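[1] The following block contains a protein sequence and its predicted model.
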Amino acid sequence: MSIVVVVVVAFLVAYVTSSAAVPPITRLAVTRKLLDFPDGHRHGHARPVPRLGGVAVFAGLVVAVAGAPLVSLILPGSAPTLTPLAGAFVLASLILFAIGLADDLRGVPPLLKLLGQTAAALVLYHAGFKIDVLGFPPSYEMSLGWLSLPVTVLWLVGVSNAFNLIDGLDGLAGGVAVIALLAITAASVILGNLGVLLYSVALIGALLGFLRYNFPPARIFLGDSGSLVVGFLLAVLSVKGATRHGGSLYALMPIFALSYLLLDTGLAMMRRWLRGDPLSRADGRHIHHQLLNIGLNPRRAALVVYAQAIAAAALGLCATFVPPALLVAVGMVGVVLLMFMMVYGVRRLEYHEFVEAQASVASVVRKARSVIQDKINARDMVKVIRSAATIEEVEAIVEDSAMTFRFAHMQLCHGSAEKRLPEHIVARLKASSVWQLQYPIAQRGFAPDALFLNICCGTDASRRPAGAERVAQILAPAIAAWAMTRRMDFPVEVRREIELGHDVEVGHDVEMPLIPPGFFREEMPLYQGTYDREQTLRP
């Protein structure tokens, strides 16, 4: 009962201190112009808002935790602590608070913030905070061994940055943190981690005092002085609260408790990778931004995120602590929720990056056999071309093979003497129901007398045609090699490119070797002699 009194007092002290500190901090921030200005993109608020709310949260937490020993004077032995981690815990928090406050006041380079977060993580690791043994229901355990250090640092730094990323909507970061802390509090009570209980409840009180002024419409923002510290504390407390006295961590509990920030950060990194953007580049397409884009106001958007965070946190508690007999049912619920979020949620939030990625993967799986068959047919066609005796036979082989690849038409042409397309193809071209690919053979560009492979594909075909460029990349080198072994007169520009050793590669999917420099002079008796730079060839 005495511990309950201490925890309740810590909550009240943190709440009162934080809520009392916000008004003067707000006035100071307005006076010193320490404001977050709207930009219509990532910062979508309507007017400048002070950004020093983290100072009030930190003050509430420090006063509440520091005052706990005073309560123990009245109720001896009742004040739980995180010893022997208490000193390192305070030092790491001070490092992050100092960096965050400096960023709010003057601005700090991202690399310096990352180094500060890493230093704080190493301070805790050196003091004994480690993610060493992972436990999974019903009774599986996995020791990390030497991976303990990188996993611990990555978790602390990653969660701290992830929390910083979600601080982009009124009331969002503070509310998500409170929900996570409630789950951490429940886990710490179940496992008897009373030191974690004191810190988590004190942080809840400090955040609720701040949320009075931060819930939409916000009158103050958390700022980096708050987001860096709160994110770091969430990473520490979620692990300590879900760790058994034997040292094994219930791994699912921290992941589910912090699911929203991990999900949002993971989606952001995947989106940027799919777009080819740097992973560290900020954008305005986080989940809360997309909720606003589909028509929700800030208050409703925050409530939607709260609902997801509550559901995930409750699921994490159930998956961790339910009897083994109910574990399968909990797992099925989790899978259903995950599928719902990944399918419906991604489409509803208009993350077309993932829609296109999903469609591309499905297309590859569906068309893999067809693509392989088309390549095989192209290789078979190369063998037939090699046995042709005349250029007319090659042209006939090319034209007759069009239907094999589901092309509307395919022919071999010279630019200066192009064979007339069939009338039905010309009519379809005029009706915009056919498109053409003109693929150069053994040269770059389109000289007036260039030799090229002309492929026409219908846009209204019942079956999709083979990849025209993919087929051309196989056929063009084969036709070029056949032409030179049969002493076919290439345009002068082609011979010049080959003789000078310039880049005459026509594709990367080439069965035949590239034509070497000096081919005409050394291997073709017909062309032995002196090469004239004025586009003449003297035997």
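    Alright, I've got the coordinates. Bear in mind that the values here come from a model prediction, so they are computed numbers and not experimental data.
[2] drop to CA atoms for contacts and neighbour counts, all remaining ones
    Will do.
[3] List the buried residues for whichever strand or helix holds Leu338?
    Using DSSP states H and E, the element containing Leu338 is helix 324-340. Neighbour counts over helix 324-340 (16 or more other Cα atoms under 10 Å) mark Leu327, Val330, Gly334 as buried.
[4] Check which helices and strands it sits against.
    helix 298-321 (3 or more Cα pairs under 8 Å, 6 or more residues apart in numbering; DSSP states H and E).
[5] just how off-centre is the helix it packs on within its chain?
    22 Å (Cα atoms, centre = their mean, to the nearest Å).
[6] which residues touch it?
    The list of residues contacting helix 298-321 from outside it, by Cα atoms under 8 Å, 6 or more residues apart in numbering, reads 136-137, 169-172, 175-176, 179-180, 183, 187, 215-217, 250, 252-260, 288, 291-292, 327, 330-331, 334.
[7] and these, which are buried?
    Buried by 16+ other Cα under 10 Å: 136-137, 169-172, 175-176, 179-180, 183, 187, 215-216, 250, 252-260, 288, 291-292, 327, 330, 334, out of the contacts of helix 298-321.
[8] The residues you listed in helices, which ones?
    Among the buried ones among the contacts of helix 298-321, the residues falling in helices (DSSP state H) are 172, 175-176, 179-180, 183, 187, 252-257, 259-260, 288, 291-292, 327, 330, 334.
[9] Quick one: neighbours of Glu356, just the number.
    12 (other Cα atoms under 10 Å).
[10] Work out for me the element it sits within.
    Counting by DSSP H and E, the element that carries Glu356 is helix 352-386.
[11] can you map out the strands along the protein?
    All strands of the chain, identified by DSSP state E, fall at 35-36, 49-50, 133-136, 140-143, 248-250, 409-414, 434-440, 451-458, 530-532, 536-538.
[12] mind checking which of those is nearest Leu237?
    strand 248-250 (11.9 Å; Cα to Cα).
[13] other SSEs contacting the closest one?
    Secondary-structure packing of strand 248-250 (3+ Cα pairs under 8 Å, 6+ apart): strand 133-136.
[14] Just give me how far the strand it packs on sits from the chain centre.
    27 Å.
[15] I'd like the mean pLDDT over it, please.
    Taken as a whole, strand 133-136 has an average pLDDT of 86.
[16] Please renumber the chain so that the first residue is 164 from this point on.
    In the new count, where the first residue is 164, that last one comes out as strand 296-299.
[17] With just CA atoms, put it into CSV.
    Output in CSV follows, covering the C-alpha atoms of strand 296-299 (Å, rounded to 0.1, in the frame of the first residue of the first chain):
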residue,chain,number,x,y,z
VAL,A,296,17.9,-12.7,-23.8
LEU,A,297,14.7,-12.5,-25.8
GLY,A,298,11.7,-14.5,-24.7
PHE,A,299,8.8,-15.4,-26.9
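[18] Check which residues of that strand are buried.
    Residues Val296, Leu297, Gly298, Phe299 are the ones in strand 296-299 that count as buried (16+ other Cα under 10 Å).
[19] any chance of these in a markdown table, with distance to Val185 too?
    Shown next, in a markdown table, are those (distance: Cα to Cα, whole Å):
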| residue | distance to Val185 |
| --- | --- |
| Val296 | 41 |
| Leu297 | 40 |
| Gly298 | 41 |
| Phe299 | 42 |
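[20] Looking at the residues you listed, which is nearest Met504?
    Phe299 (23.3 Å).
[21] From Val518, how far off is that closest one?
    32 Å (Cα to Cα, to the nearest Å).
[22] Then Arg633?
    Relative to Val518, and taking Cα to Cα, Arg633 is found at 25 Å.
[23] Settle it for me: which of these two has more neighbours?
    A direct count of neighbours by other Cα under 10 Å for Arg633 and Val518 places Arg633 higher, at 16 against 13.
[24] Sketch out the low-pLDDT regions of the stretch 164-313 of the chain for me.
    Counting by pLDDT under 70, the ranges of the stretch 164-313 of the chain that qualify are 164-165, 202-209, 234-247.
[25] circling back: so which of the strands of the chain comes closest to Thr189?
    strand 212-213 (6.0 Å).
[26] from the chain's centre, how far out does the closest one sit?
    With Cα atoms, centre = their mean, you get 30 Å for strand 212-213.
[27] Tell me the strands beside it, with direction?
    When sheet partners are counted by DSSP bridges, strand 212-213 sits next to strand 198-199 (antiparallel).
[28] which residues touch the partner strand?
    Contacts of strand 198-199 (Cα under 8 Å, 6+ apart): Ala192, Pro211, Val212, Pro213, Arg214.
[29] which of those lies closest to Gln601?
    Ranked by distance to Gln601 (Cα to Cα), these are led by Pro211 at 57.0 Å.
[30] quick one: Ile560 and Lys546 touch, right?
    No: Ile560 is beyond contact range of Lys546, at 10.9 Å (criterion: Cα atoms under 8 Å).
[31] The two - which one has more neighbours?
    Ile560 (19 against 11).
[32] What's the local residue count around the closest residue to the more buried one other than its chain neighbours?
    Leaving aside its chain neighbours, Ile560 sits nearest to Ile548 (7.1 Å; criterion: Cα to Cα, 6 or more residues apart in numbering). For Ile548, the neighbour count with other Cα under 10 Å is 24.
[33] and what of Met566?
    Neighbours of Met566 under the rule other Cα under 10 Å: 12.
[34] got it, and the one 3 residues further on?
    Here the count is done by other Cα under 10 Å, and Arg569 has 20 residues near it.
[35] what's near enough to touch the nearest residue to Leu575 once chain neighbours are set aside?
    Nearest non-adjacent residue to Leu575, counting by Cα to Cα, 6+ apart: Leu616, 4.8 Å away. Listed by Cα under 8 Å, 6+ apart, the contact partners of Leu616 are Met573, Gln574, Leu575, Cys576, Leu600, Gln601, Tyr602, Pro603, Ile604, Ala635, Ala639.
[36] ok, back up a step: distance to Ala365 for the buried residues of helix 487-503 - can I get that in CSV?
    As requested, the buried residues of helix 487-503 are arranged in CSV below (distance: Cα to Cα, whole Å):
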residue, distance to Ala365
Leu490, 32
Val493, 31
Gly497, 31
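[37] Find the residue closest to Ser363 in space, skipping its chain neighbours.
    Spatial nearest neighbour of Ser363, excluding adjacent residues (Cα to Cα, 6+ apart): Leu344 at 5.9 Å.
[38] which one is Ile457 nearest to, not counting chain neighbours?
    In this structure, Ile457 finds its nearest non-sequential neighbour in Leu512, 7.1 Å apart by Cα to Cα, 6+ apart.
[39] From Asp333, how far off is the one you found?
    Taken as Cα to Cα, the span from Leu512 to Asp333 is 19 Å.
[40] Ok, Glu558 next?
    69 Å.
[41] Next: Ile166.
    Distance from Ile166 to Asp333, by Cα to Cα: 34 Å.
[42] before we move on, what about Leu600?
    Leu600 is 53 Å from Asp333, by Cα to Cα.
[43] Give me the below-cutoff pLDDT ranges for the stretch 564-702 of the chain.
    Scanning the stretch 564-702 of the chain for pLDDT under 70 picks out 578-583, 605-613, 624-625, 649-702.
[44] State the number of residues packed around Trp436.
    Trp436 has 13 nearby residues by other Cα under 10 Å.
[45] these two touch, right, Val392 and Ser256?
    Yes: counting by Cα under 8 Å, Val392 touches Ser256, with 6.0 Å between them.
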